[in-house]
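S.K.: Okay, sequence plus prediction incoming.
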Amino acid sequence: MKIPKRIKYKKYHRLNKNLYSKSGRSCNLINGFWGLKAVEGGKITERQIESVRQAINKKIKPFGKMWIRVFSSNPVTSKPSEIRMGKGKGSVNRWICNIRPGQVLYEVNGVNKATAISALKRGGEKLPVKTTVVSY
């Protein structure tokens, strides 16, 4: 799983970014010929990013190349259950990435069209946001 090696502060406030407005950046393909694009906004965890990577790599493995365009850099804290109130903020539980509509999440190149589309659809099924396959 990919998490940041070093961050400025250990715990952050919850980010209330508008996840429903269109993405201005990262809405076009840069490296690959086919891509997986988010249709709706939401939050994905580092485990979901890794499971999609594994699903896509299984389909395109010998010849294809894949680029991951998202990174989970926002910590989410939680306190253990059955703990009394107070005593400060909980420890970091997981890392998430905020996704906006129109953002390209993964890119694929080096395989034929049918293989790329089936691999990206398979990966998109593992995400909690609706996705679509786009081409260059």
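M.R.: That came through, no problem. Quantities reported herein were computed from a predicted structural model and do not represent experimental measurements.
S.K.: Could you name the helices and strands sitting against the helix ranked longest in the chain?
M.R.: Across the chain, the helix with the greatest residue count (assigned by DSSP state H) is helix 46-60. With contacts taken as 3 or more CB pairs under 8 Å, 6 or more residues apart in numbering; DSSP states H and E, helix 46-60 sits against strand 65-68, strand 91-99, strand 104-109, helix 113-124. No exception for glycine: its C-beta is placed from N, CA and C like everyone else's.
S.K.: let's see 10 Å
M.R.: If you count contacts as 3 or more CB pairs under 10 Å, 6 or more residues apart in numbering; DSSP states H and E, helix 46-60 packs onto strand 34-38, strand 65-68, strand 91-99, strand 104-109, helix 113-124.
S.K.: Any chance of CSV for the ones you listed, columns mean pLDDT?
M.R.: Formatted as CSV, the helices and strands packed on helix 46-60 follow (pLDDT from 0 to 100):
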stretch, mean pLDDT
strand 34-38, 96
strand 65-68, 95
strand 91-99, 91
strand 104-109, 96
helix 113-124, 96
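S.K.: Output the ones you listed in JSON lines, with mean neighbour count and distance to Pro80 appended to each entry.
M.R.: Written out in JSON lines, the entries for these read as follows (neighbours: other CB atoms under 10 Å; distance: least, CB to CB, whole Å):
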{"stretch": "strand 34-38", "mean neighbour count": "24", "distance to Pro80": "33"}
{"stretch": "strand 65-68", "mean neighbour count": "16", "distance to Pro80": "32"}
{"stretch": "strand 91-99", "mean neighbour count": "17", "distance to Pro80": "9"}
{"stretch": "strand 104-109", "mean neighbour count": "24", "distance to Pro80": "32"}
{"stretch": "helix 113-124", "mean neighbour count": "19", "distance to Pro80": "33"}
